[in-house]
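> Give the three-dimensional model of this entry:
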Amino acid sequence: MAPIPRTILVVGSLNTDMTTRTRRLPNPGETITAQSFSTAPGGKGANQAVACCRLARASSDAPLDDISVKMVGAVGDDEFGSRLKDSLGRNRIDVEGVVVKEGISSGVAVIIVDEDTAENRILYTAGANEALTSQDFPENFFSSFNPPPSILVLQLETPLQTVLHLLTLASNANIETILNPAPARHIPLQFYSKIDHLILNESEASYLTGEEVTYLDDDAGIQSTINRFLERGVKRSVVITMGARGCYFKNSDRQEGWIRPEVRAQDVVDTTGAGDTFVGAFAVACAEGNDIGHSLNFATRAASINVRRMGAQAGIPWRDEVQ
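Now for the predicted structure:
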């Protein structure tokens, strides 16, 4: 008898990314000539769904036998919305749960990439993403899936109350959860115990603990910060990603340590989708039943490939490129 496919459910944002690449940022009141401009599908939720789908199969024409990916979110009744759904469909993601909100624009992210450093600055307009409310998810939401999702992946580009509601529903249904609290918003303490895996970067960790980012400059500060999240109730693991430094983790079994990236600073082209690639790869590895060390090594390798390429979704590698 064939094994039952595992499902990763991603609930989150869908945006159109408008990216400008420039050698420097303009000063107030100044106009400068940028190097290039492009539009592409994005949004942290959609990016992570694409990462899950690509990293679950060897190549674009490989079958999705073991893991299926479902996306739930909202788009506006505009041309951006239809393009966003079509893009996910081309990646063979189930978009039945992506609803169209009438009279609202789709989400947009304006991204400015510094060509010298490959670092990015992002202005985000939520649009329909902000209209994805708790009412879209009834108490029996997860019972409508057959089989139930193996993992629920969440971020914070949709309303916080919606995310907290989903964490509660997933916890009640014994569904494993991954929360990437980006952009950072304060999470009520009672909800940390509903998070299985918390994946966040330095600035998000700083925001949620009230510590200066420099507190994470050494291992002692990192360990203290991670312990605070575990003390708040995170169930399985806390992972802090730190760009070129790699990531530091600790899990409920008290395993901890660094996972270092395999990429040189001079090879970095665009960091826009690195975090989402990391989260998606981690979700796939967890859905396959791998331990924390294996999952984080897989995620780090995938993100290291992503930063060498242009585009949040276009730069996401296939599984064969990572292994």
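> So for stretch 119-135, mean pLDDT?
For stretch 119-135, mean pLDDT is 91.
> so how far is Arg54 from Ser60?
8 Å (Cβ to Cβ, to the nearest Å). (Glycine included, C-beta is placed from N, CA and C.)
> anything in contact with each of the two?
Trp318 (Cβ atoms under 8 Å, 6 or more residues apart in numbering).
> where does the spatially closest residue to Ile111 that is not a sequence neighbour fall, phi/psi-wise?
Nearest non-adjacent residue to Ile111, counting by Cβ to Cβ, 6 or more residues apart in numbering: Thr19, 4.4 Å away. Here is the backbone geometry of Thr19 (degrees, to the nearest 10): phi -110, psi 130.
> how close does Thr19 get to Phe80?
15 Å.
> Identify the residues contacting Met18.
Phe37, Ser38, Thr39, Val108, Ala109, Val110, Ile111.
> so which helix or strand takes in the fifth one?
In other words, Ala109. Taking DSSP states H and E as the definition, Ala109 sits inside strand 107-114.
> circling back: tell me the one of the contacts of Met18 nearest Thr117?
For the contacts of Met18, the minimum distance to Thr117 (Cβ to Cβ) is 14.0 Å, reached by Ile111.
> what sits against the residue nearest the centre of the chain?
By Cα atoms, centre = their mean, the chain has its centre lying nearest to Asp276, at 3.6 Å. Residues near Asp276 by Cβ under 8 Å, 6+ apart: Lys44, Asn47, Gln48, Ala51, Asn180, Ala312, Ile316.
> Provide the count of other residues in contact range of the fifth one.
For Asn180, the neighbour count with other Cβ atoms under 10 Å is 28.
> isn't it right up against Val163?
No. Using Cβ atoms under 8 Å, Asn180 makes no contact with Val163, being 10.4 Å away.
> Find residues that contact each of the two.
With Cβ under 8 Å, 6+ apart as the test, Asn180 and Val163 both reach Leu154, Gln155, Leu156.
> quick one on the thing from earlier: need the contacts of Met18 in JSON lines with distance to Glu119 and pLDDT, can you?
What follows is those, written out as JSON lines (distance: Cβ to Cβ, whole Å; pLDDT from 0 to 100):
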{"residue": "Phe37", "distance to Glu119": "18", "pLDDT": "94"}
{"residue": "Ser38", "distance to Glu119": "17", "pLDDT": "90"}
{"residue": "Thr39", "distance to Glu119": "20", "pLDDT": "92"}
{"residue": "Val108", "distance to Glu119": "20", "pLDDT": "93"}
{"residue": "Ala109", "distance to Glu119": "15", "pLDDT": "85"}
{"residue": "Val110", "distance to Glu119": "15", "pLDDT": "90"}
{"residue": "Ile111", "distance to Glu119": "11", "pLDDT": "85"}
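> which of the residues you listed tops the neighbour count?
The member of the contacts of Met18 surrounded by the most neighbours (other Cβ under 10 Å) is Ala109, with 23 neighbours in all.
> where do the helices sit along the stretch 101-250 of the chain?
160-172, 202-209, 219-231 (DSSP state H, counting those that start in this stretch).
> quick one: the second one to helix 219-231, angle?
Taking axes from the mean of the first three to the mean of the last three Cα atoms, to 10 degrees, one finds that helix 202-209 is oriented at 60 degrees with respect to helix 219-231.
> What is helix 202-209 packed up against?
In this structure, helix 202-209 packs against helix 219-231, strand 237-241, with contacts taken as 3 or more Cβ pairs under 8 Å, 6 or more residues apart in numbering; DSSP states H and E.
> so which of the ones you listed comes closest to Tyr124?
strand 237-241 (19.3 Å).
> tell me the SS of the closest residue to Pro5 other than its chain neighbours?
With Cβ to Cβ, 6+ apart as the criterion, Pro5 has its nearest non-adjacent residue at 5.3 Å, and that residue is Ser68. Recorded secondary structure, Ser68: strand (DSSP: H, G, I helix; E, B strand; the rest coil).
> Pretty sure Ser68 sits against Ala49.
No. Assessed by Cβ under 8 Å, Ser68 is found out of contact with Ala49, at 11.0 Å.
> Neighbour count for the two, which is higher?
Ala49 (33 against 19).
> May I have the host helix or strand of that one exported as PDB, CA atoms only?
For Ala49, the host element (DSSP H and E) is helix 44-55. Listed next in PDB are the C-alpha coordinates belonging to helix 44-55 (Å, rounded to 0.1, in the frame of the first residue of the first chain):
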ATOM      1  CA  LYS A  44       6.800  35.700   2.600                       C
ATOM      2  CA  GLY A  45       4.000  33.200   2.600                       C
ATOM      3  CA  ALA A  46       4.100  32.600  -1.200                       C
ATOM      4  CA  ASN A  47       8.000  32.500  -1.100                       C
ATOM      5  CA  GLN A  48       8.000  29.900   1.600                       C
ATOM      6  CA  ALA A  49       5.300  27.800  -0.300                       C
ATOM      7  CA  VAL A  50       7.500  27.900  -3.400                       C
ATOM      8  CA  ALA A  51      10.500  26.900  -1.400                       C
ATOM      9  CA  CYS A  52       8.700  24.000   0.100                       C
ATOM     10  CA  CYS A  53       7.500  22.800  -3.300                       C
ATOM     11  CA  ARG A  54      10.800  23.100  -5.000                       C
ATOM     12  CA  LEU A  55      12.900  21.600  -2.200                       C
END
